[in-house]
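Participant: For reference, the sequence and a predicted model appear below.
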Amino acid sequence: MKRPPKHAPSRIASTDDLRAFQRMMASAITRPLTADDKLQPRWIDGRAMDKVAAEFIKPNDRLTSFERLQLYNRMYWFRLFDAIRDDCPGLLAALGERAFGRLTQAYLARHPSRSFTLRDLCSRLERFILEEPRLTAPRTALAAEIARFEWAQTVAFDGPARPVIAASHLARTPPSRLRIGLQPYITLLELRHPIDTYVIAVKRRDALRSEASNTPGAAAVHRAFRRAALPRPRRTHVAVHRHNNRLFYKRLDPAAFRILEALGSGSTLSRAIAAGGPRVTPAQVKAWFGSWMALGWFCAYGNKRRRAAS
C-alpha cells in the first residue's frame, strides 16, 4: 500500500481526491492496534490521532471521530485474528491462548493481509514460526509442522483441480517415457509427528465442546474438556487432499510417498517406482496406483501443485 497523504482532502472534487481519501482511510483502518487493542494515539507523522481522524470522519451524538475510526480499526484486526483461529485450531490448541495471540499479532505485523481473500492469510505462517522461534518456544518444531499441515488443508479445500488423466493414456505410454502430474490441491507431507491424528482429535474435542455449550450447566461441562494431548514424535507420511468436495488426510507408506514425490518432481513412471526402493513389490504398486487413480489424483504432467516435506 502506498504511503497515505499527510492530510485527507477537505472535499472530494476529483478522482485524485477520492484516491487520497481511500488511502487515508485504508491506512488508518489497517494500522496495528496498541497493546491493549486500541487505535494508535498518534498518526504516522506523530500528530494526535484524534485530530487526524476529525479530518475525514464526522463525529455523531454518541461517538467522537476517533472512537468511530477505532471501531473500524478494531473490527478489521479482530476479523483477521478470528480468521487465523478458524484456520489453525491445532496450532491454537498446541500453544494455548496467550502464546497463540502473541504469535498471530507478531505475524500480522510482519505479514499484513495483502490479498482480496482471507484464504491466503496463513500462507507464510510456517516460515514465520521458524524465523521467530522465541514466539513458540519450546514447541517451535511442532508448531511449524502444525502450521504446515493446516495450510495444506486450506490448499486441499479450495485449490484448483485439473482434468483427471485417462487410464488409457497410462496404458499406451511406455513407463520409461510416461510422466504423470499430481493434482494441485494435493500436499505431500513428511512429518516428525502424527499431526493428522492430533488435528482430528482437536477438531473432535472442539465440536463436542461446542455442543456442550448449548446444554444446561455449560460452564462446568466446558471445563471438563481437557487440552488435547500433544503428539509424540513419530515419522509420518501423509497426503492432504479432497475427494467429492470433502477434506481428507491419507496416510502413506514411506515407499508410496517417495513414488508420489518423484512423480510430482517430474520423474518418469519407471524412475518414480524405482524411487520407492528395492523392497516394493509389483502387487503393492498395483494397489497403490489403483487407489490413487480412484481418488483422481493424477493429471497431465506440467500442472503446478503444492509440495511440502520436512
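Facilitator: Thanks, I have the structure now.
Participant: could you point out which element follows the host helix or strand of Gln153?
Facilitator: Counting by DSSP states H and E, the secondary-structure element that holds Gln153 is helix 140-158. Using DSSP H and E, the helix or strand that follows helix 140-158 in sequence is helix 167-172.
Participant: following that next one, which helix or strand comes up?
Facilitator: strand 180-182.
Participant: Run through the protein and note the low-pLDDT ranges.
Facilitator: Low-confidence segments of the chain (pLDDT under 70): 1-2, 209-227, 303-310.
Participant: mind listing the strands in it by residue range?
Facilitator: The residue ranges that make up the strands of the chain, judged by DSSP state E, are 180-182, 187-191, 236-243, 246-251, 298-300.
Participant: Select, out of these, the one closest to Arg62.
Facilitator: Using Cβ to Cβ as the criterion, the shortest distance between Arg62 and those is 44.6 Å, found for strand 246-251. Glycine gets a C-beta too; all of them are placed from N, C-alpha and C.
Participant: mind checking how far the closest one is from the chain centre?
Facilitator: A distance of 16 Å separates the C-alpha centroid of strand 246-251 from that of its chain, computed with Cα atoms, centre = their mean, to the nearest Å.
Participant: what's in contact with that strand?
Facilitator: Applying Cβ atoms under 8 Å, 6 or more residues apart in numbering, the set of residues contacting strand 246-251 from outside is 153, 156-157, 196, 200, 236-242, 295.
Participant: ok, 10 Å please
Facilitator: Applying Cβ atoms under 10 Å, 6 or more residues apart in numbering, the external contacts of strand 246-251 come out as 149, 152-154, 156-157, 185-186, 189, 194-197, 199-200, 236-243, 256-257, 291-292, 295, 297.
Participant: now swap in stretch 167-176 and tell me
Facilitator: Contact partners of stretch 167-176, identified using Cβ under 10 Å, 6+ apart, comprise 166, 178-180, 268-273, 289, 293, 298, 300.
Participant: How about the contacts made by Ala156?
Facilitator: Listed by Cβ under 10 Å, 6+ apart, the contact set of Ala156 reads 183-187, 239-243, 246-249, 306.
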